[in-house]
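Undergrad: Dropping the sequence and predicted coords here.
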Amino acid sequence: MRINSLLILLLSAAPAFAQDTDKPVATVNGVRIEQQAFDQLLQQAIKQGSPDSSQLRSRVRDQLIARELFLQQAKSRNLDTDPQVQAAVEEAKKNAMIARYLKEAIQPKQVTEEELREQYEKTKARLGPKEYRLRVIQLATEDKAKQLRAQLLKKDASFADLAKQESLSPSAQRGGELEWMSFKSPAQEGETGRLPLPIAQAVEKLAPGKLSEPIAVKDMWWLVKLEEVRPTRAPTFEEARPQLLNALNAREVERATTELVQKLFKEATITQ
């Protein structure tokens, strides 16, 4: 039996308690593993991208059995009374209470169709005539940026490979590739399609396939390669609607959360 990433998911998941009398998924040294626990872990694995299959179901069952065996061994060593375990249990209880309270206390207002359409028009208005597809490498020093640029110009390595090996950006795992983006030209602060202004200004001057000079952004250095340019095609409202709804809902939750925190601070007695 392979103990893979599902085990990490399992160990970090909250335990599920089933009260029904259905046949258990398995019984381990007399302890039942209930169907509810199996279904919960299976759905979490599917949501993370694993296709539902007999192999996945078998692995989920094995992980549940492994967890129960681990738990039984831990109890046999009286680790359920260990101070570190007790502290962790208390912390988990506090976190669960906070999560339950926030779910009840935070009541974000529903996003209206009018708000969605207004945000759509604002977003569309910020688009420029062109869309850019970029790869980037983020580095800590100018010297390192110059060194990698020299390698790229000599074609000693591909941009994607160096990005995976050297970049400090989250895009490193994708070979430095960013999503298509558009902004008006000349680039202006706050209207650069999520790019730092110095990078957007460099992109405007690049031809497809070309590499930028090292670009300083605050205390970091960037190399940018412009992969492709195309005319901007603005999505229709219906195409953009799901993403807009998610963004506005998240913004409304953040607003409601901030409002709740400010209210609680105001009502509390807080001393140094």
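TA: Received, thanks. Numbers count the residues shown, from 1 in each chain.
Undergrad: tell me the mean pLDDT for the host helix or strand of V89?
TA: In the assignment (DSSP states H and E), V89 maps to helix 83-105. Averaged over helix 83-105, pLDDT sits at 94.
Undergrad: and after that helix, which helix or strand comes next?
TA: Using DSSP H and E, the helix or strand that follows helix 83-105 towards the C-terminus is helix 113-125.
Undergrad: what is the rounded mean pLDDT of that next one?
TA: 93.
Undergrad: Same question for stretch 52-63.
TA: 92.
Undergrad: Residue ranges in the chain under the pLDDT threshold?
TA: For the chain, the stretches flagged by pLDDT under 70 are 1-21.
Undergrad: got a list of what the most centrally placed residue in it touches?
TA: Closest to where the C-alpha atoms of the chain average out (Cα atoms, centre = their mean) is P170, at 10.3 Å. Contacts for P170 (Cβ atoms under 8 Å, 6 or more residues apart in numbering) come out as none. Any C-beta I mention is one placed from the backbone N, CA and C, and that applies to glycine too.
Undergrad: In the chain, spot the helix with the most residues.
TA: For the chain, the helix that runs over the most residues, judged by DSSP state H, is helix 237-267.
Undergrad: Quick one: list the elements packing against it.
TA: helix 83-105, helix 113-125 (3 or more Cβ pairs under 8 Å, 6 or more residues apart in numbering; DSSP states H and E).
Undergrad: Just name the most buried of the ones you listed.
TA: Mean neighbour count (mean count of other Cβ atoms under 10 Å) peaks for helix 113-125 among these, with a mean of 13.
Undergrad: Ramachandran coordinates for V217?
TA: When read as degrees, to the nearest 10, the backbone of V217 gives phi -130, psi 110.
Undergrad: Name the nearest residue to it, sequence neighbours excluded.
TA: Counting by Cβ to Cβ, 6 or more residues apart in numbering, the nearest residue to V217 once its immediate chain neighbours are dropped is P196, at 4.6 Å.
Undergrad: quick one: the one you found from Q138, how far?
TA: Plainly put, P196 is 10 Å away from Q138 if you go by Cβ to Cβ, to the nearest Å.
Undergrad: Next: I215.
TA: 10 Å.
Undergrad: Are there residues contacting both of the two? Which ones?
TA: Common neighbours of I215 and Q138 (Cβ under 8 Å, 6+ apart) are 221-222.
Undergrad: out of P196 and Q138, which sits in the more crowded spot?
TA: Higher neighbour count among P196 and Q138: Q138, with 20 against 17, using other Cβ atoms under 10 Å.
Undergrad: dump the residue contacts of the more buried one.
TA: For Q138, the contacting residues are 167-169, 172, 220-222, by Cβ under 8 Å, 6+ apart.
Undergrad: Assign it to helix, strand or coil.
TA: Q138 carries the three-state label strand when classified by DSSP: H, G, I helix; E, B strand; the rest coil.
Undergrad: Excluding chain neighbours, give the residue nearest to it in space.
TA: S169 (3.9 Å).
Undergrad: One more: K210?
TA: Nearest to K210 is L226, by Cβ to Cβ, 6+ apart, at 5.9 Å.
Undergrad: other SSEs contacting the helix or strand containing that neighbour?
TA: Here L226, judged by DSSP H and E, is contained in strand 220-231. If contacts are counted by 3+ Cβ pairs under 8 Å, 6+ apart, strand 220-231 sits against strand 130-139, helix 142-153, helix 197-205, strand 215-217.
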